[in-house]
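Asks: Sequence and predicted structure below; questions after.
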Amino acid sequence: MKPFFKRLRFLAAMNAAKISMALLRLLKSGGTSFPGKLAIKLCPGILRDLAGLFRIIMITGTNGKTTTTSLIGHLLREEGVRVSVAGNIGNPLASAVREEAEWVVAELSSFQLHWVRR
C-alpha cells in the first residue's frame with residue numbers, strides 16, 4: 001500500500017475511534033471495546049503503528065484488567081513519567097498521541113491484542 005493511503009487509513013481509523021467514543025459517552029455507555037475494534041477493522045496495523053510512537057504496555061485477561069491498567073498508570077505517573085492510560089478503560093489510544101505520552105498503559109481485549117502480533 002502506498003504511504004499516502006496507509007497514512008489516510010490510519011487517520012480514518014483514529015478519527016472513527018474518537019467519534020465512536022464520543023457517541024458512547026453521550027449515550028452514557030460504560031467501557032467498551034467497540035472503538036478499538038472499529039479502528040482495527042479500518043486499519044489492522046493501527047496498534048503496531050501507535051506502538052512506534054511511544055512505549056506501550058498492553059494488558060488483557062479475564063479479571064482485573066482495569067485495576068491493573070490504572071495501577072500501572074498511577075505508578076508511572078508517580079515516578080514523573082508522562083503516561084496515558086487508554087484503551088477499553090475509557091480513553092481512546094488516540095488520546096496518548098494528543099497528550100504526547102512517553103508511555104501508554106492500554107487495556108485491550110484479546111481480539112485487539114491478536115492484531116498486534118501480526
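Replies: That came through fine.

Asks: Kindly provide the distance from K41 to I72.
Replies: K41 sits 28 Å away from I72, going by C-beta to C-beta, to the nearest Å. (C-beta placed from N, C-alpha, C; glycine too.)

Asks: who has more neighbours, the two?
Replies: I72 (16 against 12; other C-beta atoms under 10 Å).

Asks: The residue nearest to that one when sequence neighbours are not counted is in what secondary structure piece?
Replies: Nearest residue to I72, sequence neighbours excluded (C-beta to C-beta, 6 or more residues apart in numbering): V105, at 4.8 Å. Per DSSP states H and E: V105 is located in strand 103-107.

Asks: and that strand, what other elements does it pack with?
Replies: Judged by 3 or more C-beta pairs under 8 Å, 6 or more residues apart in numbering; DSSP states H and E, strand 103-107 is in contact with strand 55-59, helix 65-78, strand 83-87.

Asks: Report the buried residues of the first one.
Replies: By neighbour count on 16 or more other C-beta atoms under 10 Å, the buried set for strand 55-59 is 56-59.

Asks: now H74: how far from F10?
Replies: Taking C-beta to C-beta, one finds H74 at 30 Å from F10.

Asks: the more surrounded of these two?
Replies: Remark: of H74 and F10, F10 carries more neighbours, 17 against 13, as counted by other C-beta under 10 Å.

Asks: What pLDDT does the model give that one?
Replies: F10 is assigned 76 on the pLDDT scale.

Asks: and the gap between it and G64?
Replies: Look at F10 and G64: by C-beta to C-beta, they are 31 Å apart.

Asks: Go through this protein and flag its longest helix.
Replies: helix 3-26 (DSSP state H).

Asks: So what's the gap between that one and the chain middle?
Replies: Per C-alpha atoms, centre = their mean, to the nearest Å, the displacement of helix 3-26 from the mean C-alpha position of its chain is 12 Å.

Asks: Next, the angle helix 3-26 makes with the helix or strand just after that helix.
Replies: Heading C-terminal from helix 3-26, the first helix or strand you meet, by DSSP H and E, is helix 34-42. Angle, helix 34-42 to helix 3-26, by axes from the mean of the first three to the mean of the last three C-alpha atoms, to 10 degrees: 160 degrees.
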